[in-house]
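Novice: Quick one, structure for this:
(one chain, ligands or ions: 1)
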Amino acid sequence: MSVKSFSRTGIDWEEKMGVYNIAVIPGDGIGTEVTEAACKVLDAVAGKFGHQFVYKTLLAGGCAIDAHGVALTPETLNECKKSDSVLLGAVGGPKWDNLPGAERPERALLDLRGGLELFANLRPAILYPQLSSASPLKDENLKNGIDIMIVRELTGGLYFGDRGRRPGGVMPDGSPKGMEAFDTEAYSEAEIERIVRVGFELAKARKKKLTSVDKANILESSRLWREVNERVAKEYPEVEYEYYYVDNAAMQLVRRPGDFDVIVTTNMFGDIISDEAGMITGSIGMLPSASLGKPGMPGMYEPVHGSAPDIAGQDKANPCAAILSAAMMLRWSFGLGEEADLIEQAICAALDRGYRTPDIAYTQNCIRVGTKEMTTRVMESIV
Ligand code: NAD
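Specialist: Take a look at the predicted model:
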């Protein structure tokens with residue numbers, strides 16, 4: 001798929017002579033193993049196409065707490081801002097589990113998203129035919145395959161609205177309510193429009209179908225969401241546009257996932273729907289993601305999985321999610337669609353030849369390999 005880049009629109013890559021500066025944040029646990037794998041694959045691509053990927057390795061997450069006392073230093077954020085793109089592994093682990101929320105390793109993710117103004121989260125959910133037995137769905141629900149791109153709004157809505165606690169008054173029977181907690185869902189037209197446009201642009205380059213997910217029968221913020229969606233849809237007559245209430249979307253995703261192409265939705269609905277879509281494809285070790293900001297700002301690319309402390313340092317992690325995240329980086333930040341396609345085909349080729357890390361080794365006749373060998377097997381097709 002050859003499409004224009006989103007995040008770095010306006011950059012003249014030819015002037016940069018094929019040199020791309022990538023901030024690499026391995027993070028904690030298996031983050032270090034899978035980012036190493038992704039960089040190896042990127043280097044193979046660079047060798048084939050004559051690009052130069054220049055990496056700057058940065059600390060964030062638990063390792064940054066150990067080194068600097070905070071999950072993300074202003075200096076690290078600044079380095080990320082100066083880069084052309086950010087490749088992240090995963091952060092967190094039991095060592096830091098007892099820290100208060102604001103001091104935990106995961107704080108780095110929120111600060112990176114906020115600092116880089118990453119408002120669009122892209123999570124593809126693809127069912128690889130070689131791994132179809134990993135899906136919890138029946139064959140009849142999978143007959144059209146699964147190839148969905150979830151576009152989740154990332155910097156607004158319920159997760160960023162006013163929140164707090166206050167005295168709750170009294171119940172109808174006069175008994176005290178105790179404290180009451182509240183969170184607020186707020187979206188502006190501008191916030192909705194920019195994420196919806198990402199959805200339509202993606203749909204235009206794919207199967208030309210966009211599903212907008214909201215709760216417009218109940219929520220005022222969803223009614224504005226739908227109004228803006230419908231207005232923008234008029235500019236994309238080539239894209240089939242439909243909308244679902246979130247509860248129905250959750251049901252249809254398991255009933256007939258093959259009917260969806262691009263789904264655009266709010267922060268909280270996207271959080272839930274994207275996990276559901278990921279789950280029905282099988283292993284978490286195969287799920288990449290991209291977070292994109294406004295033109296001129298670097299995007300951030302990371303596997304969906306966490307730091308998997310239970311398998312860290314044992315050469316058991318599936319590197320595919322991180323490698324596929326690197327492919328998304330090439331496509332969406334650098335406009336290198338051919339190179340991205342090649343990486344995705346190389347993953348399929350390794351699966352076709354039977355290579356499987358333990359998390360996806362379901363069948364007797366597959367060849368069980370570790371992180372390093374899986375990476376080598378993927379690289380074999382990039383020549
Ligand atoms: P997890 O994704 O790390 O692991 C869940 C399960 O999936 C584990 O059994 C793990 O072994 C397995 N798994 C995950 N990735 C795998 C891979 N690439 N290959 C093979 N198996 C894989 O989720 P968790 O256990 O809930 O969280 C562990 C830590 O990661 C926590 O500290 C959590 O806060 C953090 N976390 C970080 C991110 C992130 O950095 N974006 C995301 C989720 C969780």
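Novice: How many residues are close by the residue of the stretch 101-250 of the chain found nearest the ligand?
Specialist: Proximity of the stretch 101-250 of the chain to the ligand (Cβ to the nearest ligand atom) peaks at Glu106, 5.2 Å away. Every residue, glycine included, has its C-beta placed from N, CA and C. Using other Cβ atoms under 10 Å, Glu106 has 18 neighbouring residues.
Novice: just Cys320 next, same as before
Specialist: 30.
Novice: Wait, it touches Met374, no?
Specialist: Yes: at 7.2 Å, Cys320 and Met374 qualify as touching, with contact defined as Cβ atoms under 8 Å.
Novice: So what are the sheet partners of the longest strand along the chain and their directions?
Specialist: In the chain, with assignment by DSSP state E, the single longest strand is strand 19-27. Each strand paired with strand 19-27, and its direction, by DSSP bridges: strand 52-57 (parallel), strand 85-90 (parallel).
Novice: Pull out the buried positions in that strand.
Specialist: For strand 19-27, burial by neighbour count (16 or more other Cβ atoms under 10 Å) applies to Tyr20, Asn21, Ile22, Ala23, Val24, Ile25, Pro26, Gly27.
Novice: and those residues as a markdown table, adding distance to the ligand and pLDDT?
Specialist: Supplementary listing: those in a markdown table, determined by distance: Cβ to the nearest ligand atom, whole Å; pLDDT from 0 to 100:
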| residue | distance to the ligand | pLDDT |
| --- | --- | --- |
| Tyr20 | 23 | 96 |
| Asn21 | 22 | 96 |
| Ile22 | 18 | 98 |
| Ala23 | 15 | 98 |
| Val24 | 14 | 98 |
| Ile25 | 10 | 98 |
| Pro26 | 11 | 98 |
| Gly27 | 6 | 98 |
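Novice: between those residues, which is nearest Met328?
Specialist: Met328 has its nearest neighbour among the buried residues of strand 19-27 in Ile22, at 12.8 Å by Cβ to Cβ.
Novice: Settle this for me: that closest one is touching Val86, isn't it.
Specialist: Yes: if you go by Cβ under 8 Å, Ile22 and Val86 touch, sitting 7.4 Å apart.
Novice: returning to what we had before: OK, contacts around the closest residue to the residue of the stretch 101-250 of the chain closest to the ligand other than its chain neighbours?
Specialist: Excluding its sequence neighbours, the residue lying closest to Glu106 (Cβ to Cβ, 6 or more residues apart in numbering) is Gly92, at 5.5 Å. Neighbouring residues of Gly92 by Cβ atoms under 8 Å, 6 or more residues apart in numbering: Gly27, Asp28, Gly29, Gly61, Gly62, Arg104, Pro105, Glu106, Gly306, Ser307.
Novice: pLDDT wise, what is the residue of the stretch 101-250 of the chain closest to the ligand at?
Specialist: Looking at Glu106, its pLDDT is 94.
Novice: Which positions in this protein make contact with the ligand?
Specialist: Residues of the chain lying close to the ligand by Cβ under 6 Å from any ligand atom are 30, 34, 90-93, 106, 109, 284-285, 302, 305-311, 317-318, 321, 359.
Novice: Ala181: neighbour count?
Specialist: Count around Ala181 with other Cβ under 10 Å applied: 9.
Novice: Quick check, it in contact with Arg165.
Specialist: Yes: between Ala181 and Arg165 a contact is recorded at 4.9 Å, counting by Cβ under 8 Å.
Novice: returning to what we had before: widest-spaced pair of the contacts of Gly92?
Specialist: Every pair of the contacts of Gly92 checked by Cβ to Cβ; the farthest is Gly29 and Arg104, at 14.1 Å.
Novice: related to what we said a few turns ago, mark which of the contacts of Gly92 are part of helices, please.
Specialist: Gly62 (DSSP state H).
Novice: sorry, back to before: is it true that the residue nearest to Glu106 lies in a helix?
Specialist: No: counting by DSSP: H, G, I helix; E, B strand; the rest coil, Gly92 is not found in a helix; it is coil.
Novice: so Gln252 makes contact with Gly258?
Specialist: No: at 10.7 Å, Gln252 does not count as touching Gly258 under the criterion of Cβ under 8 Å.
Novice: average pLDDT for the helix or strand that contains Cys80?
Specialist: Using DSSP states H and E, Cys80 falls within helix 74-82. Taken as a whole, helix 74-82 has a mean pLDDT of 97.
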